[in-house]
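Chemist: Provided below are the primary sequence and the corresponding predicted coordinates.
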Amino acid sequence: MAVRRMRYIPDPVLRERTRKVRDFGDSSLRKLADDLIDSMRHYNGVGLAANQIGSPRRVCVIQLPEDEAPTTLVNLEITRKEGEREVVEGCLSLPGWQARIPRAEKVWARAAGLDGKPIRYKGATDLLAQALEHECDHLDGKLYVDYLRSQDDLYEVTPGDEEEGEGEGDASAEG
Ligand SMILES: [Zn+2]
């Protein structure tokens, strides 16, 4: 287990679409998941995608403030979205910035656990929905700033001074 170096914009790995995992028996998959969890905790995120620490594999981890344990999601895909809302979002790969962007109200997603067993989210809402979209975007090579509707919606933040999202914690919206 190890904290790995965070990749920041404009590192091209953040713009690469990650590759699906096919071999769940590969021991390096578990090592990657452990490193993702350690790194997510070290950098204080609620989620982290593999390309943010330089791996091209379609793996991410999510741990919301209320979660007792992190969840590792392999081959995460959003299958359906419903509604639209405005959220405040930040990203560990763009430190010092936050933005108001549109996200879905409800998200359906599928993934697999480290054991290859299916994990499904049906109509996820709030911070979970946001985190699923944010991490899935990373795995597709997208960043939250791609959704900016106006330059005014992007602003600088100083550590400890992040604007609170609606009932969604604080800087914890970063992943
Ligand atoms: Zn991010």
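Modeler: Structure received.

Chemist: burial count for the nearest residue to residue 69 once chain neighbours are set aside?
Modeler: Leaving aside its sequence neighbours, residue 69 sits nearest to residue 63 (Cβ to Cβ, 6 or more residues apart in numbering; 7.2 Å). (Each C-beta comes from the backbone N, C-alpha and C, glycine too.) By other Cβ atoms under 10 Å, 21 other residues sit near residue 63.

Chemist: for residue 93, see how far away residue 5 is.
Modeler: Distance of residue 5 to residue 93, computed by Cβ to Cβ, to the nearest Å: 11 Å.

Chemist: then residue 61?
Modeler: Separation of residue 61 from residue 93 (Cβ to Cβ): 15 Å.

Chemist: between residue 5 and residue 93, which one's more packed in?
Modeler: Between residue 5 and residue 93, residue 93 has the larger neighbour count (other Cβ under 10 Å), namely 25 against 9.

Chemist: helix, strand, or coil at the more buried one?
Modeler: Here residue 93 is coil, with the state taken from DSSP: H, G, I helix; E, B strand; the rest coil.

Chemist: start at 557 instead
Modeler: Sure, I'll start numbering at 557, so the last one becomes residue 649.

Chemist: any weak-confidence spans in the chain?
Modeler: 557, 715-729 (pLDDT under 70).

Chemist: what is the neighbour count of the residue in the chain that the ion sits nearest to?
Modeler: Distances between the chain and the ion by Cβ to the ion are smallest at residue 647, namely 3.2 Å. Counted by other Cβ under 10 Å, the residues lying close to residue 647 total 25.

Chemist: correct me, but it touches residue 699?
Modeler: Yes - Residue 647 lies in contact with residue 699 (Cβ atoms under 8 Å); the separation is 6.4 Å.

Chemist: the residue nearest to residue 625 reaches residue 629, doesn't it?
Modeler: No - in this structure residue 619 lies outside contact range of residue 629 using Cβ under 8 Å: 11.2 Å.

Chemist: can I assume residue 689 sits in a strand?
Modeler: No - under three-state DSSP, residue 689 sits outside any strand and is assigned helix.
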